[in-house]
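Enquirer: the amino acid sequence is not available; the structure is as follows:
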């Protein structure tokens, strides 16, 4: 649920239309590490067991009321900022002194992952329409686990499903997201899934953010928690142990009190006292610890507090212990008075690679990385923050842990513009512009003229971080020759981290968004992303990468049509007449030996208005739902070094 450059306004108090925009709930070395974070340790208890429980798919009933839950209203992202032109608009990326990567890659397999139709109809159809999917992926031991908002599924290495499509509410032992009975019953809001397979201990990790709601109205209550599931065996289709970690940080349920606010005074200053929100959880591992990072906002207010990091003993949490210790770090004010934002924790093809130090990368061009995040940009930056956390004492009764960071200088980046897409058949748009069809769909005509929209291109937050071959590999979205492009970073770690290589990846006249880098132990890999533009429907793309630079854009699977989802149309805006065309908010990679699994959002279907209006209405022959048509693509590639010095 990332905020993408601007903070949300306030929680919407009531559902006002059948479908509402859902919350979006990312060269030289500077001086030595700055002020270290104070840490606090508490205990949390195991809370049940997760299973892959098969529930029949619901019926295709077009649009049902409510189709989306009450949401956090958000304006669009801030301005795109000044242009960045370092790569000259070429098809391949560049790095300093780059002769291009020395990587041989072979696309072994590509198959459709989870899509919106499966998500919406899971658990007997007791689900909401959701955009974006927020795609997570993990792989190992012959299994591939994909997770999105709000379902997950397990495949084998050939792409064959080994489980049904399981909704996250059921997996974590909650009531359904919604039961459209009389009266309606709302379940907790489960969102922002991520996962990882630990190849050293052969255990699977899955994390989500869960927001408590009023079961009668669906309104958010304030308490929210990270739900962490850890597999009990090496088989992800088996049982998992669940831990629930409160993260509202208002002094309740054992949390610290971070003074989150509830409103603004007449001068625009945050006031009040209420719960915080542990947004955008992402996970990492090292040899002896497990980590989750979040971005902490005022839940009902307007301001940003700072990134949080939670550290667990990997030995304890993988054992399924009845209770485990968690140490929390608050980055509020640590960067010369500013707070950390989106600390992307490192994962590795070998979880022992980093020893007892965990590394994180973050950026600081976003509003959240300045003051309390209320003042809106646009901003640019030429800095990346490298965070370290030594966990040598994680298994002691009173661990002595320390989080600190360095700042390294990189090439300038700024928030990307929205991503245009190739023009094609968009039957939801056409239906909304047709009075009889719109009335059948929504019970009333659409008062707005709907047009094909551009996709959200993220902000400048750091996305997936990988630790391999002694370096941190990370990437973010930036504006590049007037389009959305990618800046990548290869950073040597040590007492004084420094940049080994830093460059850009773009495609002339097109957009590349939501990068995720997977690198093998040998230091070769791929960066995955979505490709969209005047010549491309949203497609799954990738490029080779190693210590010599990044290669040309390649397509794993071409998109079949434009994105045609409710979040891009004015009728469903919050408030009506506005749009927030959701995409992302992240892709994923997973490394197994010399194979890199990649996952990206794309569009894998197309149809006409006539097909859309055929029975069952809005399904286009079972390829989409009435309100959205996103899909995900999962691919695997073998990558090896192509001679030379790596």
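Expert: Perfect, thanks for sending it. What you see is a predicted model; the values in this text were computed from it and never measured.

Enquirer: sketch out the low-pLDDT regions of this structure for me.
Expert: For the chain, the stretches with pLDDT under 70 are 1-38, 70-99, 351-354, 644-646.

Enquirer: quick check: buried residues in the longest helix anywhere in it?
Expert: Looking across the chain with DSSP state H, the single longest helix is helix 435-442. Using 16 or more other C-beta atoms under 10 Å as the test for burial, helix 435-442 gives 437, 438, 440, 441, 442. Placement of C-beta: from N, CA and C, glycine included.

Enquirer: nearest residue to residue 162 other than its sequence neighbours?
Expert: The shortest distance from residue 162 to any non-neighbouring residue, by C-beta to C-beta, 6 or more residues apart in numbering, is to residue 154 (4.6 Å).

Enquirer: which element is that neighbour on?
Expert: According to DSSP states H and E, residue 154 maps onto strand 151-156.

Enquirer: from residue 357, how far out is residue 396?
Expert: 17 Å (C-beta to C-beta, to the nearest Å).

Enquirer: please say which of these two ends up with more neighbours.
Expert: Using other C-beta atoms under 10 Å, the more surrounded residue of residue 396 and residue 357 is residue 357, with 16 against 11.

Enquirer: can you name the residues bridging to the more buried one?
Expert: The residues listed as beta-bridge partners of residue 357 by DSSP bridges are residue 390.

Enquirer: how about the helices of the stretch 451-600 of the chain, start to end?
Expert: In the stretch 451-600 of the chain, no helices are defined using DSSP state H, counting those that start in this stretch.

Enquirer: my read: residue 339 touches residue 329, true?
Expert: No - contact criterion C-beta atoms under 8 Å: residue 339 and residue 329 do not qualify, at 11.9 Å.

Enquirer: okay, these two: which has more neighbours?
Expert: Neighbours per residue, other C-beta under 10 Å: of residue 339 and residue 329, the larger number sits with residue 329, 26 against 23.

Enquirer: residues in contact with the more buried one?
Expert: Listed by C-beta atoms under 8 Å, 6 or more residues apart in numbering, the contact partners of residue 329 are 37, 38, 39, 308, 309, 310, 311, 389, 401, 403.

Enquirer: switch to 10 Å and redo it
Expert: Residues near residue 329 by C-beta atoms under 10 Å, 6 or more residues apart in numbering: 36-40, 291, 293, 306-311, 340, 343, 387, 389, 401-404.

Enquirer: one more: residue 449?
Expert: 429, 432, 433, 570.

Enquirer: rebuild those residues as a markdown table, extending it with neighbour count, distance to residue 492 and secondary structure.
Expert: Below are the contacts of residue 449 laid out as a markdown table (neighbours: other C-beta atoms under 10 Å; distance: C-beta to C-beta, whole Å; DSSP: H, G, I helix; E, B strand; the rest coil):
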| residue | neighbour count | distance to residue 492 | secondary structure |
| --- | --- | --- | --- |
| 429 | 20 | 48 | helix |
| 432 | 23 | 52 | helix |
| 433 | 19 | 54 | coil |
| 570 | 18 | 48 | helix |
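
Enquirer: need those residues in TSV (columns: distance to residue 577).
Expert: Compiled in TSV, these are given as follows (distance: C-beta to C-beta, whole Å):
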residue	distance to residue 577
429	15
432	13
433	15
570	5
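
Enquirer: and which of these is nearest to residue 534?
Expert: Proximity of the contacts of residue 449 to residue 534 was ranked by C-beta to C-beta; the top entry is residue 429 with 17.6 Å.

Enquirer: the closest one and residue 581: what is the separation?
Expert: According to C-beta to C-beta, residue 429 and residue 581 sit 12 Å apart.

Enquirer: next, show the common contact partners of the two.
Expert: 452, 453, 568, 569.

Enquirer: I'd guessed the last one sits against residue 627; true?
Expert: Same thing as residue 569. Yes - using C-beta atoms under 10 Å, residue 569 is in contact with residue 627, at 9.3 Å.

Enquirer: so what's residue 201 closest to, chain neighbours aside?
Expert: Nearest residue to residue 201, sequence neighbours excluded (C-beta to C-beta, 6+ apart): residue 318, at 5.7 Å.

Enquirer: should've said residue 116
Expert: Leaving out its chain neighbours, the residue that sits closest to residue 116 by C-beta to C-beta, 6+ apart is residue 628, at 4.3 Å.

Enquirer: OK, contacts around that neighbour?
Expert: Residue 628 sits next to 19, 115-117, 119-120, 129-133, 428, 563-568, 582, 618 when contact means C-beta under 10 Å, 6+ apart.

Enquirer: show me where the stretch 301-450 of the chain has its strands.
Expert: Using DSSP state E, counting those that start in this stretch, the strands found in the stretch 301-450 of the chain span residues 304-313, 323-330, 344-347, 357-363, 380-390, 402-414.

Enquirer: distance check, residue 548 against residue 503.
Expert: 11 Å.

Enquirer: before we move on, back to that, ok, and the most crowded of the shared contacts of residue 429 and residue 581?
Expert: The most crowded member of the shared contacts of residue 429 and residue 581, judged by other C-beta under 10 Å, is residue 568 (29 neighbours).

Enquirer: how near is that residue to residue 465?
Expert: Using C-beta to C-beta, one obtains 30 Å as the distance from residue 568 to residue 465.
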